[in-house]
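>>> Structure of the sequence below:
(2 chains)
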Amino acid sequence: MSINRRTFLGLLGATSVVAATGQAAHAAGTHHFEGHPGAKGVLFDATRCIGCRKCEEACNVVNELPRLDRPFDDLTVLEAKRRTTEKEYTVVNQYQTSRPGVVFRKQQCNHCQEPACASACFVKAFYKTPEGAVVYDASLCVGCRYCMVACPWSVPAYEYDEALSPRVMKCTMCHPRILEGKLPGCVEACPKGALSFGTRKELIDVARQRIRNYPDRYVDHIYGEREMGGSNWLYLSGVPFGELGLPGDLGTTSAPELTSGALAAVPVVTGLWPILLTGLYAISKKREKREKQDKEAAVAAALKKAAEQAEAKLASELEKAEVANKRRIEVEVKNAVEQAMKAKDTESNEEAQS
Amino acid sequence: MNAETNATGRSALTPFTIVSGIIVIIGLVLTWLRFTGGLGAVTNLDHNNPWGIWISFDLLCGVALAAGGYTTTAACYLFGIKRFHSAVRPAILTAFLGYALVVFALHYDVGRPWRLPYPIFLSQGTSSLLFEVGLCVFIYLSVLAIEFTPIAFEWLGLKKLRNIIHGWTIALTIMGVVLSTMHQSSLGALFLIAPNKLHPLWYSTYLPLYFFISSMFAGMSMVLFESALAHRNFHHLMDTAHREESDGVALGFAKACSWVMFGYLAIKVLGLAVEDKWAYLATGWGAWFLVELVSFVAMPCLAYAIGYRDRNIGLIKATAAWTVLGIVLNRFNVSLVAFNWQLPSAERYFPSVMEIGVSVFVVTVGVIVYRFVVTRMPVFYEHPQYKGEH
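Residues are numbered from 1 along each chain as shown, chains lettered A, B, ... in the order given. Purely as a prediction, here's the structure:
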């Protein structure tokens, strides 16, 4: 293994830093939440609402919201579809439905039992109070508006015209008033009893009772009892809720559960990846080393072979040279001897002549 | 290097400086408007459409296209594919600039940008996917900054510091892959919380997987696309190793992209099957979904494969641009086009000219910084003092 101490310590450091980021997983567990016991809520009965906008006016007053262009007794406002804004925490809309006449429906924050906004907020600026309201802390808010993306009913509004200190604005169920033992502004102002305040449990009982007593008057469904994990604002209606602009495709899974699977991947990734990747690195490093060794061995073998061949060639050349040399010497010697013999012959001939 | 570029004696008023100068001036005016009049003064955002192109393009596309950093470093250092070495530095530079620009652009989008450290240091909303994204992007930007420093240190002649950081390469690379896996997938997972707002063809429990897998070929294609542009403009800066390896990098990346895109196609189809969404394909939304999947994934996947087989570098480069476009289309579809699909058309969002202006400004700032770096620092060539050190 070719991982040295320094590399190992480096890897260890990387792993622990990454592991420290894994804390996001804790809040993600799939759990079953039944709601805070005794949490308050409001029941809206669409069969009782007459579209008088008194709730809107009360909301404006108790929350000290800015004055609007058109007065609250101007009912022509109802002709156009409206939504909650940073200046209107609640609005009443009228709907043409399958039944004759128009039906009114009040819109505001539904105060989910497991709020999507709170689950989505990355600074915990939203908080589900044990009393039932979902409240917002502007001192933490960064203004990313993910809560608005997350809200299934698109309730939160944003101060788009605030340059430096925009807030997310929505109904608070008049949480401060509830703590004082008072009713929410809208509930107190409703002249027709279309809004009832109480614990969520009581309100569900009341709603069931009304459906049982007047089965022809109501659709057999309490909207908000189970939608997206249930909300503290509940609705009764004589027409299907889809006709009142309330989405019917939400399912009963709460927002935190929708994202818990993705968050659960964090410990898997932080745990698995560093080990797997270090292994991969070690394998590739080892392969590289082996390739290098193989290469070196091959080069050495080739060099050795070449050297041997060269040596052999040299030896044979030397031998050849020696043979040639010998022969040359022999020839030289022979020539010399012959010459000497010749000379001697001539000499003896000359001697004989004289 | 700077002496060389400045010594050419040309006027500073090149077409590039004129155009980028005008864009920067417009950008500064828009910045003024944004921070004096609020988001309402420059954007078409409203209460129903809280996220616009600054999220779709600057954040989602920005992060996906900067994925070349982790893919290239992992291929070279962890998988040991050394012939990609000359692509590492351009990829790290692009990734670092990409992430830096993502964070820069976020300062325009969020209401109180000076509070961006809040989720990390003051109040951690750990149940939020956006928290995971924020934390990972913050740490990964730091990792990229450290991975980039050897380039700057070589330029500045700080040999000791450069060698220390160089020793951390493997650890930094592994951290890069881990952090990228998490935040690339989390960007897709952001939309899991809104099942009734995103069209069923794009909403899937596999969204995090789709975003992560597609980030791989997004990153590699961006490296190829950027390399094609760099060869046009900075060819003279490249050393022989970079020039010689460049075709090999293109072929290797084309092959890898083709395989990953094939896998991506498979899990996309698997997603349709598992969640039984075939019926939606027969609608208008289905046609648009098929345009994205066939024309911008299946066809470039095939084109990459052909480019690799025929060693056709031109085709590979064109396919890289095509794939980048497909990623942009996908991120726009998830976050804008198919988001809020049930709203009446009058309540849908379309970006304002000023929003587009800010996005163009952000990209231009990136190009200016990129030019500054590559004309001065050893990005396309190895510094003579550290030649052959891998």
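>>> Could you pull up the residues touching the residue lying closest to residue A:178 once chain neighbours are set aside?
Counting by CB to CB, 6 or more residues apart in numbering or on different chains, residue A:178 lies nearest to residue A:131, which is 5.6 Å off, once chain neighbours are set aside. C-beta coordinates here come from the backbone N, C-alpha and C atoms, glycine included. Going by CB atoms under 8 Å, 6 or more residues apart in numbering or on different chains, residue A:131 touches A:36, A:39-40, A:175, A:178-179.
>>> Quick one, which of these are buried?
A:36, A:39-40, A:175, A:178 (16 or more other CB atoms under 10 Å in any protein chain shown).
>>> just the residues you listed now: which is nearest chain B?
residue A:36 (17.2 Å; CB to the nearest CB).
>>> count of residues packed around the residue nearest to that closest one when sequence neighbours are not counted?
The shortest distance from residue A:36 to any non-neighbouring residue, by CB to CB, 6+ apart, is to residue A:130 (4.4 Å). Neighbours of residue A:130 under the rule other CB atoms under 10 Å in any protein chain shown: 11.
>>> ok, now the one 10 residues further on?
A count of nearby residues for residue A:140, using other CB under 10 Å, gives 19.
>>> these two touch, right, residue B:58 and residue B:103?
No: the pair residue B:58 / residue B:103 is not scored as a contact, 9.9 Å apart, by CB atoms under 8 Å.
>>> sorry, back to before: okay, and which of the buried ones among the contacts of residue A:131 map to strands?
Taking DSSP state E, the ones among those that sit in strands are residue A:40.
>>> a markdown table please, covering the buried ones among the contacts of residue A:131 and showing pLDDT and distance to residue B:13.
Below are the buried ones among the contacts of residue A:131 laid out as a markdown table (pLDDT from 0 to 100; distance: CB to CB, whole Å):
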| residue | pLDDT | distance to residue B:13 |
| --- | --- | --- |
| A:36 | 84 | 68 |
| A:39 | 93 | 68 |
| A:40 | 95 | 69 |
| A:175 | 96 | 62 |
| A:178 | 95 | 67 |
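>>> Which one of residue B:58 and residue B:103 is surrounded by more residues?
The neighbour count for residue B:58 versus residue B:103, taken as other CB under 10 Å, is higher for residue B:58 (24 against 17).
>>> Tell me which other helices or strands the one helix or strand residue A:322 maps to touches.
Per DSSP states H and E, residue A:322 falls inside helix A:255-353. In terms of contacts (3 or more CB pairs under 8 Å, 6 or more residues apart in numbering or on different chains; DSSP states H and E), helix A:255-353 is packed against helix A:5-20, helix A:116-120, helix B:129-156, helix B:169-189.
>>> Compare those helices and say which comes out lowest on pLDDT.
Mean pLDDT across the helices and strands packed on helix A:255-353 is lowest at helix A:5-20; the value there is a mean of 53.
>>> what's residue A:252 in contact with, if anything?
A:226-230.
>>> For the residue in the stretch 1-150 of chain B that chain A sits nearest to, report the pLDDT, please.
When scored by CB to the nearest CB, the stretch 1-150 of chain B has residue B:111 as its residue closest to chain A, at 1.9 Å. Note for residue B:111: predicted pLDDT of 94.
>>> repeat for residue B:3
As summarised for this prediction, residue B:3 has a pLDDT of 40.
>>> hmm, which helix or strand of chain A has the shakiest average pLDDT?
helix A:5-20 (a mean of 53; mean pLDDT, DSSP states H and E).
>>> cool, and chain B?
helix B:2-6 (a mean of 43).
>>> got the angle between the helix holding residue A:322 and helix B:129-156?
30 degrees (axes from the mean of the first three to the mean of the last three CA atoms, to 10 degrees).
>>> So what touches stretch B:225-244?
Stretch B:225-244 is contacted from outside by B:1, B:68, B:86-87, B:90, B:94, B:246, B:249-250, B:317, B:320-321, B:324, B:374-375, B:379-382, using CB under 8 Å, 6+ apart.
>>> one more time with 7 Å
B:86, B:90, B:94, B:246, B:317, B:320-321, B:324, B:374-375, B:380-382 (CB atoms under 7 Å, 6 or more residues apart in numbering or on different chains).
>>> Helices along the stretch 201-350 of chain B, start to end?
Ranges of helices within the stretch 201-350 of chain B are B:207-233, B:240-274, B:284-290, B:299-309, B:313-332, based on DSSP state H, counting those that start in this stretch.
>>> Pick the most buried one from those helices.
Of the helices of the stretch 201-350 of chain B, the one with the most neighbours on average (mean count of other CB atoms under 10 Å in any protein chain shown) is helix B:207-233, at a mean of 23.
>>> if we can go back for a sec, orientation of the helix holding residue A:322 relative to helix B:207-233 in degrees?
Going by the same axes, to 10 degrees, helix A:255-353 makes 50 degrees with helix B:207-233.
>>> what residues are up against residue B:369?
Neighbours of residue B:369 in contact, by CB under 7 Å, 6+ apart: residue B:97.
>>> Try it again at 10 Å.
B:93, B:96-97, B:100-101 (CB atoms under 10 Å, 6 or more residues apart in numbering or on different chains).
>>> now the residue nearest the centre of chain B, nearest residue through space, not along the chain?
The residue lying closest to the centre of chain B (CA atoms, centre = their mean) is residue B:65, at 2.0 Å. Excluding its sequence neighbours, the residue lying closest to residue B:65 (CB to CB, 6+ apart) is residue B:222, at 4.4 Å.
>>> The residue of chain A found nearest chain B: what's it in contact with?
Using CB to the nearest CB, the closest approach of chain A to chain B is made by residue A:143 at 1.9 Å. Residues near residue A:143 by CB under 10 Å, 6+ apart: A:125, A:158-159, A:162, A:164-168, B:39, B:109-113, B:115-116.
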